[in-house]
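S.K.: Let me see the structure of the following:
(2 chains)
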Amino acid sequence: MLYQAPRGTSDILPQEQAYWRHIEQRVAHTAQLYGYERLDAPVFEDTKLFARSVGEDTDIVTKEMYTFEDRGGNSITLRPEGTAPVCRAYLEHGMKNLPQPVKLYYIASIFRYERPQAGRYRQHYQFGYEAIGGDDPALDGEVIDMAWQFFSSVKLRRLSLQLNSIGCKKCRPSYVAALKDYYAGRAGELCPDCQSRLKRNPLRLLDCKNEACQQIADRAPKSADYLCPECAEHFKQLKRYLELLGLPFAVNNRLVRGLDYYTRTVFEIQPEGGGTQSTLAGGGRYDDLIEELGGKPTPALGFAAGIERIILNLKKQKVEAPLLPRPPVFIAYLGEAAKNEAVKLAASLRRGDIGVIKALGDKSLKAQMRQANNLGVSYAVIIGEEELKSGTVIVRDMASAEQKSVPLGELQGELLQ
RNA sequence: GUGAGUGUAGCCAAGUGGUCUAAGGCGCCAGGUUGUGGCCCUGGAGAUCGAGGGUUCGAAUCCCUUCACUCACCCCA
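M.R.: Take a look at the predicted model:
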């Protein structure tokens, strides 16, 4: 093989497209149901945008970004996530002057330099919804409802909804301090990864997969117990709204997220009992991000979901996507004169909005019919010498094998029945 | 970045040092008489056995390197 797709990337082949179109269609429809409008940002942005928003010390920024210098000497990065570009666009286009919150969604390729694995790629696709300029916990409830609704609309079953609140910049420091205190005495029992987490990113101690660490994490202080009165009230109200909506959420005290910009609400949707790399959607509030990027303080939240993982789970659950439309008509011909007629006929049917695949070359009728069969068309239209003379055409119903002679002028009407 | 496994035609796959100028199946193409598909029968095309190097009289089969894939860790959608 001389060339192959770069590591961690893949071609989305025709036979996969039904899933992709279906998901895109559901994403757009869900957006419309909740009043979100599409925004397409560039594939690459100024590197600083991601460094600032995602967090200088996060794994994404320190070791996973596709960053390069362009010919003008600017540091450019292929987007490793979708929220920051939307926020940048919000600021750049003065969307604070629109009625708030501004509700946007995207479907975009995402790039991260990682070791590929099940459900993890170097280029993958996410869609996401962002509501910028609202702090009402009812908005959190609506966003989570929208995520839940999306998944049920694509017929994914047995999902779990995990929820947590990690506080704001006022109350989180005291929680992190409590967490460090708790872990400080137990450092010796932790796995090597957690030893370094203790120093670099204490929140991540909570979701270590090591069994010994999990037992320690189970008894660790909970962020929800350290919320300031405002955050506590917000979280309480959110849970009330979720109950009102009938969403089966579970508070997971160990749910934290890997991007620095999250505040207060964080949530994830996972397949029940789904092992590793299984998170289908994740998101939360990022009340400080717009300000961090140079705007006025603007509360916001959103979530993103991975399309490949959704398709993986659809297949696992044997959910099929609606079939993509294909041309219903195949035109076969016999001889040069009939071929001319076939060329004209195909064009005329297509102008009449009927999809047509026309035979090519000078293959036997048998070969042409075999092709029609393989294409799965509903009708084969056959033109031969005799039909030319009489100005008719043979229409064969491929499923029933019934066929009849139809005058050329009546063909379109016949096919539309 | 770390660890384990795998790599034979478009797909599935037999073969673990000579009988491999590589089986079989699916798919594809073509025939089974003169203008007709799906079943059946027959035939055909398609593989430098992931790539490079080495061991050997001889390698798809052994060794090394490399690339890719899969799975797990890290991290994330």
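
S.K.: And the helices in the stretch 201-350 of chain A, which stretches?
M.R.: Secondary structure of the stretch 201-350 of chain A (DSSP state H, counting those that start in this stretch): helices at A:211-218, A:229-245, A:289-292, A:307-316, A:336-351.

S.K.: Go through the shortest one and flag the buried ones.
M.R.: Spelled out, it's helix A:289-292. A:289, A:290, A:292 (16 or more other Cβ atoms under 10 Å). Every residue, glycine included, has its C-beta placed from N, CA and C.

S.K.: Where does chain A get nearest to RNA strand B, which residue?
M.R.: residue A:258 (1.0 Å; Cβ to the nearest atom of the strand).

S.K.: ok, that residue touching residue A:58?
M.R.: Yes - with contact defined as Cβ atoms under 8 Å, residue A:258 reaches residue A:58; the gap is 6.2 Å.

S.K.: Those two: who's more crowded?
M.R.: Between residue A:258 and residue A:58, residue A:58 has the larger neighbour count (other Cβ atoms under 10 Å), namely 21 against 16.

S.K.: Surely residue A:66 is in contact with residue A:114?
M.R.: No - with contact defined as Cβ under 8 Å, residue A:66 and residue A:114 do not form a contacting pair (10.9 Å).

S.K.: for RNA strand B, what are the nearby residues on the stretch 251-400 of chain A?
M.R.: A:257-259, A:268, A:275-282, A:304-306, A:308-309, A:334, A:363-367, A:369-374, A:380, A:382, A:384-387, A:394, A:396, A:398-399 (Cβ under 7 Å from any atom of the strand).

S.K.: at 6 Å instead, please
M.R.: Applying Cβ under 6 Å from any atom of the strand, one finds that the stretch 251-400 of chain A approaches RNA strand B through A:257-259, A:275-277, A:279-282, A:304-306, A:308-309, A:334, A:363-367, A:369-371, A:373-374, A:382, A:384-387, A:394, A:396, A:398-399.

S.K.: What of the stretch 101-250 of chain A?
M.R.: Counting by Cβ under 6 Å from any atom of the strand, the residues of the stretch 101-250 of chain A close to RNA strand B are A:112, A:115-121, A:124, A:126, A:193, A:197, A:204, A:208-209.

S.K.: Can you tell me, leaving aside adjacent residues, what's nearest to residue A:253?
M.R.: Of all residues not flanking residue A:253 in the chain, residue A:222 sits nearest, at 4.2 Å (Cβ to Cβ, 6 or more residues apart in numbering).

S.K.: so what's the backbone phi/psi at the one you found?
M.R.: phi -100, psi 140 (degrees, to the nearest 10).

S.K.: measure residue A:409 to residue A:386 for me?
M.R.: 17 Å (Cβ to Cβ, to the nearest Å).

S.K.: Among these two, which residue is more densely surrounded?
M.R.: Using other Cβ under 10 Å, the more surrounded residue of residue A:409 and residue A:386 is residue A:386, with 12 against 9.

S.K.: which SSE is that one in?
M.R.: If you go by DSSP states H and E, residue A:386 is part of helix A:385-390.

S.K.: For that helix, name the packing helices and strands.
M.R.: helix A:336-351 (3 or more Cβ pairs under 8 Å, 6 or more residues apart in numbering; DSSP states H and E).

S.K.: Show me what the helix it packs on packs onto, helices and strands only.
M.R.: Counting by 3+ Cβ pairs under 8 Å, 6+ apart, helix A:336-351 packs on strand A:329-333, strand A:356-358, strand A:379-383, helix A:385-390, helix A:411-416.

S.K.: mind running it again at 6 Å?
M.R.: Under the contact definition 3 or more Cβ pairs under 6 Å, 6 or more residues apart in numbering; DSSP states H and E, helix A:336-351 sits against strand A:329-333, strand A:356-358, strand A:379-383.

S.K.: Do you have the helices of the stretch 1-150 of chain A handy? List them.
M.R.: For the stretch 1-150 of chain A, the helices defined by DSSP H, counting those that start in this stretch cover A:17-34, A:47-54, A:59, A:83-92, A:137-153.

S.K.: how distant is the shortest one from the center of its chain?
M.R.: Yep, that's helix A:59 we're talking about. 22 Å (Cα atoms, centre = their mean, to the nearest Å).

S.K.: give me the beta-bridge partners of the closest residue to residue A:306 other than its chain neighbours?
M.R.: Leaving aside its sequence neighbours, residue A:306 sits nearest to residue A:126 (Cβ to Cβ, 6+ apart; 5.6 Å). Applying DSSP bridges to residue A:126 gives these bridge partners: residue A:108, residue A:306.

S.K.: Report the separation between residue A:271 and residue A:315.
M.R.: Per Cβ to Cβ, residue A:271 is found 12 Å from residue A:315.

S.K.: Please identify which of the two sits among more neighbours.
M.R.: More crowded of residue A:271 and residue A:315, by other Cβ under 10 Å: residue A:271, with 21 against 12.

S.K.: quick one, what contacts that one?
M.R.: For residue A:271, the contact set (Cβ atoms under 6 Å, 6 or more residues apart in numbering) comprises A:278, A:313.

S.K.: now residue A:112
M.R.: Applying Cβ under 6 Å, 6+ apart to residue A:112 gives the contacts A:64, A:80.

S.K.: now swap in residue A:403 and tell me
M.R.: Residue A:403 neighbours (Cβ under 6 Å, 6+ apart): A:394, A:396.

S.K.: Identify the bridge partners of it.
M.R.: Counting by DSSP bridges, residue A:403 forms beta bridges with residue A:396.

S.K.: Okay, domains of chain A per the record?
M.R.: As recorded under automatic domain parsing, the domains making up chain A are A:14-171+A:227-316, A:329-416.

S.K.: Most tightly packed of these?
M.R.: domain A:14-171+A:227-316 (a mean of 18; mean count of other Cβ atoms under 10 Å).

S.K.: First-to-last residue distance for stretch A:3-17?
M.R.: 23 Å (Cα to Cα, to the nearest Å).

S.K.: correction: stretch A:105-122
M.R.: 22 Å.

S.K.: can you check stretch A:199-211 too?
M.R.: First residue to last in stretch A:199-211 (Cα to Cα) measures 20 Å.

S.K.: buried residues in it?
M.R.: Buried-residue list, stretch A:199-211, by 16+ other Cβ under 10 Å: A:201, A:202, A:203, A:204, A:205, A:206, A:207, A:208.

S.K.: can I get these in JSON lines with pLDDT?
M.R.: JSON lines is the format used below for the buried residues of stretch A:199-211 (pLDDT from 0 to 100):
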{"residue": "A:201", "pLDDT": "79"}
{"residue": "A:202", "pLDDT": "84"}
{"residue": "A:203", "pLDDT": "86"}
{"residue": "A:204", "pLDDT": "85"}
{"residue": "A:205", "pLDDT": "86"}
{"residue": "A:206", "pLDDT": "86"}
{"residue": "A:207", "pLDDT": "80"}
{"residue": "A:208", "pLDDT": "81"}
